[in-house]
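**Q** here is my input; please provide its structure:
(chains A and B)
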Amino acid sequence: KAGVTQTPRYLIKTRGQQVTLSCSPISGHRSVSWYQQTPGQGLQFLFEYFSETQRNKGNFPGRFSGRQFSNSRSEMNVSTLELGDSALYLCASSFEGARETQYFGPGTRLLVL
Amino acid sequence: GNSVTQMEGPVTLSEEAFLTINCTYTATGYPSLFWYVQYPGEGLQLLLKATKADDKGSNKGFEATYRKETTSFHLEKGSVQVSDSAVYFCALSDLGSQGNLIFGKGTKLSVKP
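**A** Okay, the predicted model is just below:
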């Protein structure tokens, strides 16, 4: 069974731009979560989607948003990029019957210049 | 709120040495506990988990026991290999209040031949 895939793997943007990252969960997994990883703050939860609805949200500004499609694929969007948004963005999927056990993708590394 | 505290690294060991990485947690209720591993340039891989007190999770020679009385989930391996060099994260599930996984800061392990 294929794992979680994320595209693109690397991205360079400039301040003020916006960016969209994509995540395809493991087949059969309907829950998708997003995390931000930085050297200073570590791993922080952004949001979780299930059945095309946001189920949980972390403590991030409204510039960070996401959505989920009917095939469980998810996208996250960051608008008006800031230098501090440079990070590794990780997507994780889980099976609803074992929601707490999350499987992570390789991440998208975003650099904001 | 819920939190996870890991021993600070880096930890440097010789091949075949014994490994312990300490992890303690603060939580209301009885969360599930996890260890994830991150190899350079990659996402997180689930290493092992335990869902209730006294459970022992194990995988690839690594073990950790859920100790409710000491609120700990220390990671151990009897004989490390160079290929175990990575960053290890302890995490707890917090599906109720803060959403999804809460991670420790991570412990970098370097194993020398």
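**Q** so what are the sheet partners of the lowest-mean-pLDDT helix or strand in chain B and their directions?
**A** Lowest on mean pLDDT, DSSP states H and E among the helices and strands of chain B sits strand B:101-103, with a mean of 92. Within its sheet, and counting by DSSP bridges, strand B:101-103 is paired with strand B:86-93 (antiparallel).
**Q** what does the partner strand contact?
**A** Residues outside strand B:86-93 that contact it (C-beta atoms under 8 Å, 6 or more residues apart in numbering or on different chains): A:43, A:100, B:2, B:4, B:6, B:9, B:21, B:23, B:25, B:27, B:31-40, B:44, B:47, B:73, B:75, B:100-104, B:106-109. (C-beta placed from N, C-alpha, C; glycine too.)
**Q** mean confidence for that strand?
**A** Strand B:86-93 shows a mean pLDDT of 95.
**Q** quick one: low-confidence ranges for the chain?
**A** All of this refers to chain A. For chain A, residues meeting the criterion pLDDT under 70 lie at A:1.
**Q** my bad, chain B
**A** Applying pLDDT under 70 to chain B picks out residues B:95-99.
**Q** get me the contact residues on it for chain A.
**A** Chain B comes close to chain A at residues B:32, B:34, B:36, B:42-46, B:49, B:89, B:93, B:95, B:98-106, as judged by C-beta under 8 Å from any C-beta of the partner chain.
**Q** give me the PyMOL select line for the contacts of strand B:86-93, limited to the buried ones.
**A** Typed into PyMOL, the next command selects the buried ones out of the contacts of strand B:86-93 (criterion: 16 or more other C-beta atoms under 10 Å in any protein chain shown):
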select buried, (chain A and resi 43+100) or (chain B and resi 2+4+6+21+23+25+27+31+32+33+34+35+36+37+38+44+47+73+75+100+101+102+103+104+106+107+109)
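**Q** I'd like to know which of the contacts of strand B:86-93 are part of strands.
**A** Counting by DSSP state E, those place A:43, B:4, B:6, B:21, B:23, B:25, B:33-38, B:44, B:47, B:75, B:101-103, B:107-109 in strands.
**Q** please name the bridge partners of A:Thr7.
**A** Beta-bridge pairing for A:Thr7 (DSSP bridges): A:Ser22.
**Q** correct me, but it touches A:Thr20?
**A** No. At 10.0 Å, A:Thr7 and A:Thr20 do not qualify as touching, with contact defined as C-beta atoms under 8 Å.
**Q** count the residues that sit near A:Leu113.
**A** Residue neighbour count, defined by other C-beta atoms under 10 Å in any protein chain shown, stands at 10 for A:Leu113.
**Q** let me fix that, I meant to ask about B:Gly61.
**A** Other residues within reach of B:Gly61, judged by other C-beta under 10 Å, total 13.
**Q** would you mind measuring from it to chain A?
**A** Distance of B:Gly61 to chain A, computed by C-beta to the nearest C-beta, to the nearest Å: 21 Å.
**Q** give the contact list for A:Arg30.
**A** Contacts of A:Arg30 (C-beta under 8 Å, 6+ apart): A:Phe50, A:Ser51, A:Ser72, A:Phe95, A:Glu96.
**Q** could you redo the last one with a cut-off of 10 Å?
**A** By C-beta atoms under 10 Å, 6 or more residues apart in numbering or on different chains, the residues touching A:Arg30 are A:Tyr49, A:Phe50, A:Ser51, A:Glu52, A:Gln68, A:Asn71, A:Ser72, A:Ser93, A:Ser94, A:Phe95, A:Glu96, A:Arg99.
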